[in-house]
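Asker: Kindly generate the corresponding structure for this input.
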Amino acid sequence: MKVRRTLAFVVAMLIAVPLAAQQTPAEKAAEDAEFLKGAYLATAAGIVPPVVTRDVRPRYTADAMREKLQGEVEIQAIVGVTGTVERARVTKSLDKALGLDHAALTAVKAWGFRPGTKDGQPVAVAVTLRLEFRLH
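Answerer: Residues are numbered from 1 along each chain as shown. A predicted model of the protein is given here:
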C-alpha cells in the first residue's frame, strides 16, 4: 500500500514538472528582452553581423554516443564589442538529459568573432548559431 502511494506521488511529480515549466507569452517576451538587452539583432538595418574567426567543435558525450543521438542544437549568442561571446542560450534543444545541449553551449562560449558593427563602430550583436551532432 505504501509503495503505491509513493509511486503515485512520483508519477504526479513527473507530470507536474513540465506543466509548471511552461512560460506565458509575457514571461517569454520579458526573458527575451532581458537576454537581448544592449545588443542589436544581426538582421537589423545598418548592422554588419559578426564573423566567426575561431570555432570550437562541441564534444559528444559518451551517453549520447551510446544512444546514437544525432541532430542540431540552435543557440542564440550575444557577441560583444571585443568579439567574445558574452552570453548564450539554447533556443532549440536536441537533448537535455545526455549533455549535448550543454556541450554545444560550452563550445560556443569559446568561439571568437570579428565583432559586428553599426556605422563602422563595434557593437554587441545577437546571432543564431546551429551546431550539428553527427556520428560517422
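Asker: List the neighbouring strands of the strand or helix carrying Glu74 plus their orientation.
Answerer: Using DSSP states H and E, Glu74 sits in strand 71-79. The strands that strand 71-79 pairs with in its sheet are strand 85-92 (antiparallel), strand 125-133 (antiparallel) (by DSSP bridges).
Asker: number of nearby residues for the residue nearest to Val73 when sequence neighbours are not counted?
Answerer: Distances taken as Cβ to Cβ, 6 or more residues apart in numbering put Ala104 closest to Val73, at 4.0 Å, once the chain neighbours are dropped. Where C-beta positions appear, they are placed from N, C-alpha and C, glycine not excepted. Around Ala104 there are 27 other residues, counting by other Cβ atoms under 10 Å.
Asker: roughly how far apart are Lys68 and Phe113?
Answerer: 32 Å (Cβ to Cβ, to the nearest Å).
Asker: So if I had to pick from those two, which one is more boxed in?
Answerer: Using other Cβ under 10 Å, the more surrounded residue of Lys68 and Phe113 is Phe113, with 21 against 7.
Asker: Could I get the contacting residues of the more buried one?
Answerer: Taking Cβ atoms under 8 Å, 6 or more residues apart in numbering, we find Phe113 in contact with Pro50, Val51, Val52, Thr53, Val79, Gly83, Thr84, Val85.
Asker: Does the second one touch Arg114 like I think?
Answerer: It stands for Val51. Yes - if you go by Cβ atoms under 8 Å, Val51 and Arg114 touch, sitting 4.4 Å apart.
Asker: And the nearest residue to Ala110 once chain neighbours are set aside, which helix or strand is it part of?
Answerer: Nearest residue to Ala110, sequence neighbours excluded (Cβ to Cβ, 6+ apart): Val56, at 4.3 Å. Assigned by DSSP H and E, Val56 belongs to neither a helix nor a strand.
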